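S.K.: no sequence on this one, just coordinates:
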């Protein structure tokens, strides 16, 4: 019970679920000291959630399977104490926000645990008030949980655990369903708890930039084992190995790692923030010729994108919004005067905060909503005249949650289903489906629901690709996917675009947007604020601030370098662009 | 986005009654409605329900529900006419006895549905569960199961909507005007809905256990639900109401 003994200790823990003989966790050993802030990252299926379940006692008490080794929480073996007793020390917050709620009003949600654990009734009001205050949701006390946003709900879940005064918080992808602003807010809350209340935090997270910013220590998991364990700087100096595992690095870390690989700087600890990278590069280039000289170096900025938008204007737009307005009945949510076009072969990204009207725009596009005024024309069909099911032959939508579009018993039936619906003969549909599913390496006869989350998304993607539609609509195509799956999805989308498909995507991940989109439509409060080439849009700081969007790291870095070091950095959106520009300047002398 | 059974906050007398008393009141109105045999009493009970809703400030909620119940009532009305063969034939299959009983069946349906929904509208589910545990000695796990089921209704209906939208966007004709076709198309959706609901309930069970569900006793609740004078008064009125229905 002394403070220097680890609060959680895993001794050679292996676990395999139910009938599976493949271990989800494979000889994992680690100590977590009291007061640490630990991030866990790794590709899908690496055993991250299993690790969290072992720490919170859900394994062995809730999930069935075979457990070897020992997990000690506060010095006691989790097999020998009840789940309830483990919960007094370890509080856990899960991915599915709705499922972990037990009450319909915020205050009752907090009371539930306090009442159960027998906290003396005279202490309860203070505990509730304090937990709400710490989570920053004192104003939500009387609110119905069903009316809260995702970010607010996640904070309620955290507050409900906080009220119980746990010594450890284990969170399994708490920001998976949140936009960047709410994600940062959740992490700020965790940081605060860790710093002021001394609560140990273990958080599974896919957003590397957030992990770097907040964690003291990062665990990288791969195939049930701990691949790396160290400070963010130590871990991300292995950028190349991480990439091979399917784990992304922050873009600024990639910049410094790549500079080291090119022999420009000595290999070592990578940069973790834009400011660090700026100072590093400014230091490298200080006193060089070309700096401050002002000649623009256009090559790197465009080299990264083979399909320059010049080819676009020649083709007729396949999607056209003309002054479209729509209001939901009985709600204040509206979109007004939306006008934009998408041409074949073009990838257009719609960006903006939650509630900006992006989802409404997508539903107007695929015909789920019909415009109240103005018109939407897709592949020559006015959506107000054509039934949604007929539009489906031209617009294929990939939804954020693949489980909502899967409904067949086998992968093959699932992929062929969309084609059959649009009247393609069954034989031909199955033939085309087979070809696409095989190209994606999907098991044809497996039941879609038995596959992993990432593979289910691939099945959904295959059913979109097989349609050979004129327009592909993507709603958060990368959420819940690991880096490798994310790249597979986006590369496929890029191929579809190259074959003449117009792509419209809604995406919170600005790195993905800046890597793949040629044009951006920026939305806020139901209106389109601006649209234009992605690099121009991201470089416009006033616009980004107005839309509440944080531009990707490389764009921010390029902007700062262009201002303080050399205008040659202006407009660069890719890591390689920064590195090439720096290299050229360094080598010139 | 609000569903008909969502709680509407307020501080009226009806809101402040003990949840068990409200349950008894709704049960009394339902019982009286089932026992009543005169139009005057049936209409009077419906009027009472609406008066209570107006007092609690939720009449528009009941009006919304009425829109759902009236079509059902019409169906019942037609069935009653179809299946009542006694009495003199007025026209086709319509008999005098049918005409005499059908409107009552229709009114009873509304009289049963509305008070229960009204009760849920003015009571927080958590309070209902806790009060049932404290006053009626219902085991907590049953109360929890019941309130969780009710709480999941809007969650699942949202899920169902999202699934239908996803399927429509794939080309399934949910926008068809043929109701039979729509229903046959909806059946395959049970799979995704079932998968997501099983996952959700399992996650809820784990979350509840990790917050000490099994430690909960009758004394756990922070809020206490004693029956006070106004509750006894209303309970007495409930008995009187049922007695009135029996007498008339």
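M.R.: That came through, no problem. Here the structure is a predicted model, which is why all the values come from computation and not from measurement. Residues are numbered from 1 along each chain as shown, chains lettered A, B, ... in the order given.

S.K.: who's in contact with the spatially most central residue of chain A?
M.R.: Chain A has residue A:479 as the residue nearest its centroid, 4.5 Å off, counting by CA atoms, centre = their mean. Residues near residue A:479 by CB atoms under 8 Å, 6 or more residues apart in numbering or on different chains: A:176, A:177, A:400, A:508, A:509. In this view, the C-beta of every residue, glycine as well, is placed from N, C-alpha and C.

S.K.: give me the phi and psi for the last one.
M.R.: It refers to residue A:509. Here is the backbone geometry of residue A:509 (degrees, to the nearest 10): phi -80, psi 100.

S.K.: number of residues surrounding it?
M.R.: Residues within reach of residue A:509, counting by other CB atoms under 10 Å in any protein chain shown, total 20.

S.K.: for the residue nearest to it when sequence neighbours are not counted, grab the count of nearby residues.
M.R.: Leaving out its chain neighbours, the residue that sits closest to residue A:509 by CB to CB, 6 or more residues apart in numbering or on different chains is residue A:478, at 5.6 Å. Residues lying near residue A:478 (other CB under 10 Å) number 24.

S.K.: tell me the buried residues in stretch B:58-77?
M.R.: B:58, B:61, B:62, B:65, B:69, B:73, B:76, B:77 (16 or more other CB atoms under 10 Å in any protein chain shown).

S.K.: please, which helix or strand holds residue A:16?
M.R.: Following DSSP states H and E, one finds residue A:16 within strand A:8-17.

S.K.: chain center to that strand, what's the gap?
M.R.: 28 Å (CA atoms, centre = their mean, to the nearest Å).

S.K.: so does it get close to chain B?
M.R.: No: applying CB under 8 Å from any CB of the partner chain, one finds strand A:8-17 separated from chain B by no less than 13.2 Å.

S.K.: quick revisit: where's the residue nearest to the centre of chain A, which helix or strand?
M.R.: Under the criterion DSSP H and E, no helix or strand holds residue A:479.

S.K.: and the strand holding residue A:16, what does it pack against?
M.R.: strand A:25-32, helix A:48-56, strand A:65-73 (3 or more CB pairs under 8 Å, 6 or more residues apart in numbering or on different chains; DSSP states H and E).

S.K.: direction included, what does the helix or strand just after the shortest one pair up with?
M.R.: Sequence order places strand A:37-41 as the next helix or strand after strand A:25-32, per DSSP H and E. For strand A:37-41, sheet partners with direction are given as strand A:200-204 (parallel), strand A:217-222 (parallel), following DSSP bridges.

S.K.: which outside residues touch strand A:37-41?
M.R.: A:32, A:48, A:51-52, A:190-191, A:194, A:200-206, A:208, A:211, A:214-221, A:232, A:247.

S.K.: pull the distance from that strand to the chain's centre.
M.R.: Strand A:37-41 sits 16 Å away from the centroid of its parent chain (CA atoms, centre = their mean).

S.K.: next helix or strand past the lowest-mean-pLDDT helix or strand in chain A?
M.R.: Ranked by mean pLDDT, DSSP states H and E, the weakest helix or strand in chain A is helix A:299-303, scoring a mean of 42. Using DSSP H and E, the next helix or strand after helix A:299-303 towards the C-terminus is strand A:319-327.

S.K.: and the helix or strand following that following strand with chain B, contact?
M.R.: Note on strand A:319-327: by DSSP H and E, the next helix or strand toward the C-terminus is strand A:334-342. No: judged by CB under 8 Å from any CB, strand A:334-342 makes no contact with chain B; its nearest approach is 14.8 Å.

S.K.: good, we can wrap up now.
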